[in-house]
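K.L.:
Could you look at this predicted model? Sequence included:
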Amino acid sequence: MQTFLLKPGLVVRRNDRLWCFVKRLIDNRFVFNDELGEPWTVAESEFHRLYGKRELTIELEQPHLGAVPVITNAPRDLSTYPKPHVDEALRRKKYVDGLMAPSGQRYQAAEMPSRISEIALAINDKKRPPSPATAWRWMAAFEATRCVTKLVPAHGNKGRHRIINGEVEDILLDVINALYLTSERTPVAKIWFEFRDRLLSRNQSVPPSQRLQLPSRNSVYRFVEGLDPYLVDCARLGRRAANQKHRTAGTEMQVTNILDRWEIDHTLMDVLIVDLETGKVIGRPYITVVLDRASRMVMAFLIHLGVPNAETVLRTIDRAIRPKQEWLSRHPEVLSAWLARGLALRLVPDNAAEFHSGAIYAAFNDLGIELFYPRARGPEMKGAVERFFRTLNLGLLHCLPGTTRSNTRDRGDYPAEKMACLTLGTLDAIVLKWIVDVYHQTPHRGLRKKTPAEVWKEGESERPIHLPADLDALESILAMRDERPIHHYGVELSGLRYNSPELGHLRHRLAAGEKVEVRYRDELDHVWVYDSRKKIFLKVPCTNNSVIGLSRDLYDSARKMVRDAKGDADDFGAIHRAYKQIMADVERAKHSKKLRNRRNAAKSLIDKEGYARPSADDAQNALADGSRTPQPLLLDIAELSGFTVRSIDPPKN
């Protein structure tokens, strides 16, 4: 059957007046307004009583909702009642069947007592037989619908009557609104004492005949428990927390094809890592993950020590789009293939600041990837990647030495700082092997017991995979952006000059004062400059070869150090000496007793891709030798030989 849904905007008719439902109060009373704005407050029980007596009707034409909101339900059957009530209903049914003639007519009143006695003997009734009046009531209830549930005892209607009403209720609601429905979360005990004091104070100012009776403490407690829990949590916890607590899951989102929807997020990993040289703990690293929703395939991940920012997002997306063969070639211990690659249709991030930067908007517009931002504080809107973090913790990180577990209670007395022994490079290799050889090859409950690798292979036949034709173009798109003028010496960025013959030709074609778009990354050796005439990006090298291999972040820090010392921030010699001083400070900080200093030192020695960053002198030596590629962090493959990954699902009790 269908019943109406009491929804704000629903219009009802009472006493030939139209009333619009506004809201439900915290004490479960309903507020209606008529066409002139006059309010009408009615208790829920009184509303249903008026509706049952047809003194209140639902308007078929709804001016605000368009149609009457309905819900489909079914009445309860006999099996939902307690067994003693069912047995009593079946007992009454035997009397009703025996008292009704085969033609459907009832026996005469004079025949009822003798007939009831005969039925009681025939069914061997252990209870006292009903009186004729009671039997008449049973038959009347049954004949209306011919449903046995009408004969079930109405014990559910029994119970306490509401004793807090009228002026007593008004006083209690004032106390509740003033003390209980606040963010301080005042306990109910204080509500009782304040209510008692106010009621006694009121009684002292009126004659004895007008004094109100003080309800018991338990009655007040029951009144508070009967308040609308959602509205109570809105007042005490906040609306967002209340929505999260009382949320209901709707229909499951269906993503049919691979690359239709990516989800991205960051989190701190539940494991401590140590410095490669000193062996001291440097803290918990971050991990950024891009997950394909349809196949649950991990498209890419990036483990880093710095706080997530726009460049972290862009580099992870770069990894997600590219084929993984070059990445896997540096890790021969990985046995399975990693087929994840291609451009997605849409990406679902969260509402962190790094996902709202101009570089992110521009990059995804250029790639044709649509950004879908969920509501604030709505992690369930990208639940697949959130669930992956839990799987990563339970299946891998909580099994590693130096794990911090999810919380201090779960961690217990485990000495995480003492047991930590993994470096950033080792952890990166372990996570890579676990994702490719374990997670991608394990049946997933959300994929109907198929593995992510199997679903991805099946999806490749249904969805064409698009890859960038030019990886240099991809690098220029997934880069930070700025606008600069072109001078005779080129463009200037971070105090460095970038120039080339092509840039000189572009300068002569520009109008006076016109700026060009410059794209850059952390590496200092080159930038990308957009030629608006030819509609292409020019790769422009740095005119100072001494900075090749250095970090833009550290170089900017060195310039700031020179500027603070009242020096010339454009003097490369002074900046180079400051850069070397920063690296020397980093080496000293590696041995510091403070975790923050050791973490910052490790972060300075690792580039954005997780490789060891060369010093200023090493960069110049590498340039002289013709080698500019930084070497990866050292990894002892033997550390992985005896490693066994537990099940990704939590153990069942």
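P.N.:
Thanks, I have it.

K.L.:
next one: stretch 488-508 to chain centre, how far?
P.N.:
46 Å (C-alpha atoms, centre = their mean, to the nearest Å).

K.L.:
for the stretch 301-450 of the chain, what spans make up the helices?
P.N.:
Secondary structure of the stretch 301-450 of the chain (DSSP state H, counting those that start in this stretch): helices located at 310-321, 325-329, 358-367, 383-395, 408-411, 416-419, 424-433.

K.L.:
With respect to Cys234, which of those lies nearest?
P.N.:
helix 383-395 (24.0 Å; C-beta to C-beta). For every residue, glycine as well, the C-beta is placed using N, CA and C.

K.L.:
buried ones in that closest one?
P.N.:
384-386, 388-389, 391-395 (16 or more other C-beta atoms under 10 Å).

K.L.:
got a list of what the nearest residue to Ser532 once chain neighbours are set aside touches?
P.N.:
Leaving aside its sequence neighbours, Ser532 sits nearest to Val516 (C-beta to C-beta, 6 or more residues apart in numbering; 7.3 Å). The contact partners of Val516, by C-beta atoms under 8 Å, 6 or more residues apart in numbering, come to 483-486, 491, 506, 510, 529-532.

K.L.:
Type out the PyMOL command that picks the buried ones from these.
P.N.:
To isolate the buried ones among the contacts of Val516 in PyMOL, judged by 16+ other C-beta under 10 Å, type:
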select buried, resi 484+486+491+506+529+530+531
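
K.L.:
Would you mind putting the contacts of Val516 into a markdown table with pLDDT, distance to Gln108 and secondary structure alongside?
P.N.:
Formatted as a markdown table, the contacts of Val516 follow (pLDDT from 0 to 100; distance: C-beta to C-beta, whole Å; DSSP: H, G, I helix; E, B strand; the rest coil):
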| residue | pLDDT | distance to Gln108 | secondary structure |
| --- | --- | --- | --- |
| Glu483 | 92 | 102 | strand |
| Arg484 | 92 | 107 | strand |
| Pro485 | 93 | 111 | strand |
| Ile486 | 93 | 112 | coil |
| Val491 | 93 | 110 | strand |
| Leu506 | 91 | 112 | helix |
| Leu510 | 89 | 111 | coil |
| Val529 | 93 | 107 | strand |
| Tyr530 | 91 | 103 | strand |
| Asp531 | 90 | 107 | strand |
| Ser532 | 87 | 104 | coil |
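
K.L.:
Which of the contacts of Val516 sits closest to Ala300?
P.N.:
Of the contacts of Val516, the one sitting nearest to Ala300 (C-beta to C-beta) turns out to be Tyr530, at 26.5 Å.

K.L.:
and Glu143, what element?
P.N.:
Per DSSP states H and E: Glu143 is located in helix 132-145.

K.L.:
That helix packs against which elements?
P.N.:
When contacts are defined as 3 or more C-beta pairs under 8 Å, 6 or more residues apart in numbering; DSSP states H and E, helix 132-145 packs onto helix 83-99, helix 112-122.

K.L.:
can you pull the buried residues of that helix?
P.N.:
132, 135, 138-139, 141-142.

K.L.:
Can you give me the end-to-end span of stretch 201-214?
P.N.:
11 Å (C-alpha to C-alpha, to the nearest Å).

K.L.:
next one: that stretch to chain centre, how far?
P.N.:
53 Å.

K.L.:
Please enumerate residues in contact with it?
P.N.:
167-168, 171, 196, 199-200.

K.L.:
Repeat the analysis, applying 10 Å as the threshold.
P.N.:
163, 166-168, 171, 195-196, 199-200, 220 (C-beta atoms under 10 Å, 6 or more residues apart in numbering).

K.L.:
Among those, show me the least confident.
P.N.:
Taking the contacts of stretch 201-214 together, the minimum pLDDT is found at Ile163 (82).

K.L.:
wouldn't it be in contact with Ser219 here?
P.N.:
Yes: Ile163 lies in contact with Ser219 (C-beta atoms under 10 Å); the separation is 6.1 Å.

K.L.:
what about burial for the contacts of stretch 201-214, which qualify?
P.N.:
168, 171, 195, 199, 220.
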